[in-house]
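J.: The sequence and its predicted three-dimensional model are supplied below.
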Amino acid sequence: MVIELRKKSQVTIPKGIVDQLNLQEGDHLEISVKNGTVILTPVAIYSKSYIRKLEDTVMRINEDSSKYNVGPFKTVEDAIDYLEGSDEDDDLTDKDTKQ
């Protein structure tokens, strides 16, 4: 498949490839060059607060869940909804420290 380099160094990814990779408008792609070949790789971008919340949540896996005001989650979707929710620090604090 041949594509054309346009003004401002823009290219269009053919629809077949977009569909095959399930890409959508707004998705992020990393571009790199390896041995003279241009490589586009789909990537996910997360905020620092999301990553911090994820790390805090994962670190609780082996702890007693009754100590916290969130979780355990019944489904992966519930956990993702929590992680994508508010960035309030209250969600991350130990119940015993709240008064």
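T.: Structure's in. What do you need?

J.: Let me see the confidence value for Ile31.
T.: pLDDT, Ile31: 95.

J.: list the helices and strands the host helix or strand of it packs on?
T.: Per DSSP states H and E: Ile31 is located in strand 28-34. Counting contacts by 3 or more Cβ pairs under 8 Å, 6 or more residues apart in numbering; DSSP states H and E, strand 28-34 packs against strand 37-43. Any C-beta I mention is one placed from the backbone N, CA and C, and that applies to glycine too.

J.: where does this protein dip in pLDDT?
T.: Residues of the chain meeting the criterion pLDDT under 70: 60-72, 86-99.

J.: what's the longest helix in it?
T.: helix 48-59 (DSSP state H).

J.: tell me which residues in that one are buried?
T.: For helix 48-59, the buried set under the neighbour-count rule, 16 or more other Cβ atoms under 10 Å, comprises 53, 57.

J.: from the chain's centre, how far out does that helix sit?
T.: Centre-to-centre, helix 48-59 and its host chain are 12 Å apart (Cα atoms, centre = their mean, to the nearest Å).

J.: what element comes up after that helix heading to the C-terminus?
T.: Counting by DSSP H and E, what follows helix 48-59 is helix 76-84.

J.: now that next one against helix 48-59, angle please.
T.: Going by axes from the mean of the first three to the mean of the last three Cα atoms, to 10 degrees, helix 76-84 is angled at 130 degrees with respect to helix 48-59.

J.: Give the other helices and strands that helix 76-84 contacts.
T.: helix 48-59.

J.: can I have the helix it packs on written out in PDB, keeping just the CAs?
T.: C-alpha atoms of helix 48-59 as PDB (Å, rounded to 0.1, in the frame of the first residue of the first chain):
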ATOM      1  CA  LYS A  48      -0.200  11.300  36.500                       C
ATOM      2  CA  SER A  49      -3.200  11.300  38.900                       C
ATOM      3  CA  TYR A  50      -4.600   8.200  37.100                       C
ATOM      4  CA  ILE A  51      -1.300   6.400  37.300                       C
ATOM      5  CA  ARG A  52      -0.900   7.300  41.000                       C
ATOM      6  CA  LYS A  53      -4.500   6.100  41.800                       C
ATOM      7  CA  LEU A  54      -3.800   2.800  39.900                       C
ATOM      8  CA  GLU A  55      -0.500   2.300  41.800                       C
ATOM      9  CA  ASP A  56      -2.300   2.900  45.100                       C
ATOM     10  CA  THR A  57      -5.100   0.500  44.200                       C
ATOM     11  CA  VAL A  58      -2.800  -2.300  43.000                       C
ATOM     12  CA  MET A  59      -0.700  -2.000  46.200                       C
END
